[in-house]
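>>> what's the 3D shape of this:
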Amino acid sequence: MNLTMSLSGEEEQIVRRNRQIKWTEIARKAIREEAFKLRKMELLAKYLDKKPITAEEWGLMDKIDWHPVDEIELKGDFVKEVLKASRGKSIKVKSVKELFK
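Now for the predicted structure:
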């Protein structure tokens, strides 16, 4: 696909003064990043709508170590409970086995 852009004003002057910069590569990277953000938003919407997620989509999420639930804000009551529990009594152990004695 070919994309043609027009610039004017300050942006045009910056590009003209800096011809050594590979502006197409910068534009390509920005488009990739925006497309990636859009894909994540689509997957989040699909997840929230309880629509089936394909194996390919799960594979993508695993590859980027991201899951739609990562975007969902924690409920206030849950946060309060976790904070309360973290202030509670704690013990020091030398190994995991000690936890199950």
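>>> so what's W23 up against?
V15 (CB atoms under 8 Å, 6 or more residues apart in numbering). Using the backbone N, CA and C atoms, a C-beta is placed for each residue, glycine as well.
>>> make it 10 Å
M5, L7, I14, V15 (CB atoms under 10 Å, 6 or more residues apart in numbering).
>>> return the closest of the residues you listed with respect to Y47.
Using CB to CB, M5 is the member of those that lies nearest Y47, at 34.1 Å.
>>> residues near the spatially closest residue to the closest one that is not a sequence neighbour, how many?
Excluding the flanking residues, the one nearest M5 by CB to CB, 6 or more residues apart in numbering is A27, at 7.1 Å. Residues lying near A27 (other CB atoms under 10 Å) number 12.
>>> local confidence estimate at A27?
A27 is assigned 94 on the pLDDT scale.
>>> pretty sure it sits against L3.
Yes. With contact defined as CB atoms under 10 Å, A27 reaches L3; the gap is 7.5 Å.
>>> so which strand or helix has L74?
Assessed by DSSP states H and E, L74 sits outside every helix and strand.
>>> OK, contacts around it?
So L74 contacts V82 (CB under 10 Å, 6+ apart).
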